[in-house]
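**Student:** Model the following, please.
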Amino acid sequence: MRKVLLPTIIFVCTIFLVLRLFYLQVIDDSLKLKSDNNAIKIAYDYPERGYIYDRNGKLLVANQPSYDIMVIPKDVKDLDTVEFCALLKITKEDFLAKIAKAKVYSPRLPSVFLPQLNKKEYAAFQEIERKFNGFYIQKRALRDYQVNYGANVFGFITQVNDKIISKNPYYKSGDLIGKQGVEESYEEYLRGVKGVKYIQKDKYNREIGSYKEGRFDTIAVQGKDITLSIDADLQKYGEELMINKRGGIVAIEPKTGEILALVTAPSYDPAILVGRQRSKNYTMLYHDSIAKPLYDRGLLAEYTPGSPFKILTGLVALQEGAIDENFTVFCNHGFSYAPGRFMKCHCHGGAMQLHRGIYESCNTFFSTSYMRTIDKFNNPPKGVDAWSNHLKSFGLGQFMGYDLPTGRKGKIPTSKTYKRMYPGWGWSSKTIVSNAIGQGEVLMTPIQLANMIAAVANRGYYYTPHIIKKIKGTPIDKRFTTKHVTTIDRKYFEPMISGLFDVYNFGTAHGLNVEGIDICGKTGTAENFAKINGKRVKLQDHSIFVAFAPKDNPKIAIAVFVENGYWGARWAGPITSLMIEKYIKKKITRTDLEKRMLEGSLQGEYNKYYAKPIVDTLIKSKVDSGVKLPVVKPEPKAKDSTGN
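**Tutor:** Alright, predicted model coming up:
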């Protein structure tokens, strides 16, 4: 047996090696292709990126031709540098720096020498391209924006860097890739597949035809068109309403989770990030640390949600049996919850039940309800965790899983939060009662707040918010069609919705109603602190509003944040009403609100504590793009708040 085993192993291994060598040398030409690399030129054919449409079929983003000058450093010979630099309007120092960078990437492979020439520059270079050995033109497609809004939704395209190239072999030097927005999220669909041509060269480096008669050549495949859930008219209108303000608007279709509008303010014209000036303009936007036009407030800004959070406080208290619809609290314009501790309330006072407590936004009622919820467990940690779990069923305190590449979790505290905050001594519902009214340790992003009110509109369920509606030839991800059910029973939503409906009839949003539309909403005011020169400074409060409409069979749910906007009904409330009417009626009848919002400005409030941002350039881009800017009037004096 031993005598046979060794020869058998040797024989089998020999047969395997012979077969492998036969395959590599006779059947597989890939290694030969690599060995012949010096005699083969690889040319890429770049496809058009997929087009982007809104939910109604309106074209938002198309393509335009662009021309890059490519260089293969080892082929650069007998170059008239003076003529070359004069033609392209660059200095000799720029030329040497670009050549050096190309050599670092690869002396033998092509890389971008000068990107994104326009048609005139391309024509001038093409006429005498033959004189410049080692250089050639690579045609690509750049974005051609059909609208001057939605920059945060679209994102932009830019050249890949070395890090991306090292991680993904598909990309080569000079290739373009989507960054931010849907350009990044749906890059693999939008980019298509580039074609490759292998061209044979002779010993004099002249092209003599296709390698192997084009056996290895591939055809470019155009990127897939995508349809967004965005309503272009609503998006445009939201951005116009937010000019000279900072904040975010998120509107969702409750029955599907489709995002109807995703507004961040201030914003910019997406066209300024296309062409030779892209890098300069991006740097300008990036370094504006005051207005932060690249910061998507709808997805990234974490705010204390203020009084809209009372909706959740009430629902959890109902679910836990801590209160019922008839539970009554007497409010004396505030809530004394501990010796020397008093929480003010702007409601009209008197006997408060759930219905009136909502439409008058009574701090006393909801603080009491919150404390009864926590104290029901006779153990604050258990009470807080039960409360927290209910809130998380609304998608709070976690990444929501939407199809945009950026976001924040917000914060919903648990017992662990307070064990860290108060080590060594006890805490109770009184210690953390500010959570009841959306202050305390609670943080939410505008999209989380919009999703919350969408779940309320649906009476207890929601779909993960998403911005994709259709990909040509491909179904959308199943996670966007999966229903998420909250831990709150359906029966508890009806009394809450009744109170939200009367917010507009005779509550804190009285006067913001729209004839013919039954709107349910909730005003909010959130305290606003910032660290300036090392000191914690109290700034003007944020204005917040959430709503859905119609009351029955809702078609839109919306959250609006306006930074430093005083109270909810002053800025966020009117914007909410206008957005709802625009979407449902396709026209505006509340022209009084529209005029006030379009002409209103909070720049004076922002300039009190911060240096002037790069806002002039941003506004100029809007002017150049045809967006009509409002006439800026002096800020009116603040009035006393009548509610949260």
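**Student:** And the helices in the stretch 51-200 of the chain, which stretches?
**Tutor:** Along the stretch 51-200 of the chain, counting by DSSP state H, counting those that start in this stretch, helices occupy 81-88, 92-105, 119-127, 151-154, 162-167, 181-185, 187-190.
**Student:** nearest to E240, of those?
**Tutor:** helix 151-154 (14.1 Å; Cβ to Cβ). No exception for glycine: its C-beta is placed from N, CA and C like everyone else's.
**Student:** Using PDB, write out every CA atom in the closest one.
**Tutor:** C-alpha atoms of helix 151-154 as PDB (Å, rounded to 0.1, in the frame of the first residue of the first chain):
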ATOM      1  CA  ALA A 151     -29.300  69.900  -4.100                       C
ATOM      2  CA  ASN A 152     -29.400  68.000  -0.800                       C
ATOM      3  CA  VAL A 153     -31.700  65.400  -2.400                       C
ATOM      4  CA  PHE A 154     -29.500  64.800  -5.500                       C
END
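**Student:** what does that helix contact?
**Tutor:** 52, 60-61, 143, 145, 180-183, 228, 230, 235, 262-264, 267-270, 273, 296, 298, 467 (Cβ atoms under 8 Å, 6 or more residues apart in numbering).
**Student:** Apply 6 Å and report the result again.
**Tutor:** The contact list for helix 151-154 (Cβ atoms under 6 Å, 6 or more residues apart in numbering) reads 61, 181, 183, 262, 264, 267-268, 270, 296.
**Student:** For the nearest residue to A232 once chain neighbours are set aside, give me its contacts.
**Tutor:** Using Cβ to Cβ, 6 or more residues apart in numbering and skipping residues adjacent in sequence, the residue nearest A232 is D54, 4.0 Å away. Residues in contact with D54, defined by Cβ under 6 Å, 6+ apart, are 60, 228, 230, 232.
**Student:** hmm, 10 Å instead?
**Tutor:** Contact analysis of D54 by Cβ atoms under 10 Å, 6 or more residues apart in numbering lists 60, 147, 150, 153, 227-235, 260, 469.
**Student:** Please pick the buried ones from those.
**Tutor:** 60, 147, 150, 153, 227-232, 234-235, 260, 469 (16 or more other Cβ atoms under 10 Å).
**Student:** can you redo these as TSV with secondary structure, pLDDT and distance to G565?
**Tutor:** Listed next are these as TSV, based on DSSP: H, G, I helix; E, B strand; the rest coil; pLDDT from 0 to 100; distance: Cβ to Cβ, whole Å:
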residue	secondary structure	pLDDT	distance to G565
L60	strand	97	29
V147	coil	95	27
G150	coil	95	23
V153	helix	96	23
T227	strand	97	34
L228	strand	97	28
S229	coil	97	27
I230	coil	97	24
D231	coil	97	24
A232	helix	97	26
L234	helix	97	21
Q235	helix	97	21
L260	strand	98	22
K469	strand	96	31
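**Student:** hmm, back to that, tell me which of the helices of the stretch 51-200 of the chain lies nearest to L354.
**Tutor:** Between the helices of the stretch 51-200 of the chain, helix 151-154 lies closest to L354; by Cβ to Cβ that is 37.8 Å.
**Student:** what number of residues lie near the closest residue to L273 other than its chain neighbours?
**Tutor:** Once flanking residues are discounted, L273 sits nearest to F156: 4.3 Å by Cβ to Cβ, 6+ apart. F156: 22 surrounding residues under other Cβ atoms under 10 Å.
**Student:** Quick check: F156 vs E213, distance?
**Tutor:** Distance of F156 to E213, given as Cβ to Cβ, to the nearest Å: 40 Å.
**Student:** next SSE after the helix or strand hosting V263?
**Tutor:** Taking DSSP states H and E as the definition, one finds V263 inside strand 258-265. The C-terminal neighbour of strand 258-265 among helices and strands, as given by DSSP H and E, is helix 278-286.
**Student:** now for that following helix, which elements pack on it?
**Tutor:** strand 111-117, strand 156-159, helix 615-624 (3 or more Cβ pairs under 10 Å, 6 or more residues apart in numbering; DSSP states H and E).
**Student:** low pLDDT regions in the stretch 1-150 of the chain?
**Tutor:** Along the stretch 1-150 of the chain, the model assigns pLDDT under 70 to residues 1-6, 21-38.
**Student:** Strands of that one, residue ranges please.
**Tutor:** 40-45, 52-53, 59-71, 111-117, 135-145 (DSSP state E, counting those that start in this stretch).
**Student:** Take the ones you listed and write them to a markdown table, including distance to N389.
**Tutor:** Formatted as a markdown table, the strands of the stretch 1-150 of the chain follow (distance: least, Cβ to Cβ, whole Å):
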| stretch | distance to N389 |
| --- | --- |
| strand 40-45 | 53 |
| strand 52-53 | 39 |
| strand 59-71 | 40 |
| strand 111-117 | 52 |
| strand 135-145 | 44 |
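**Student:** Alpha carbons only: can I get the strand holding V263 in CSV?
**Tutor:** Extracted C-alpha coordinates of strand 258-265, given in CSV (Å, rounded to 0.1, in the frame of the first residue of the first chain):
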residue,chain,number,x,y,z
GLU,A,258,-42.5,57.9,0.4
ILE,A,259,-40.7,61.2,1.1
LEU,A,260,-42.6,64.0,-0.7
ALA,A,261,-40.2,66.8,0.2
LEU,A,262,-36.8,67.0,1.9
VAL,A,263,-35.8,70.6,2.5
THR,A,264,-32.7,71.9,4.2
ALA,A,265,-32.0,75.6,4.6
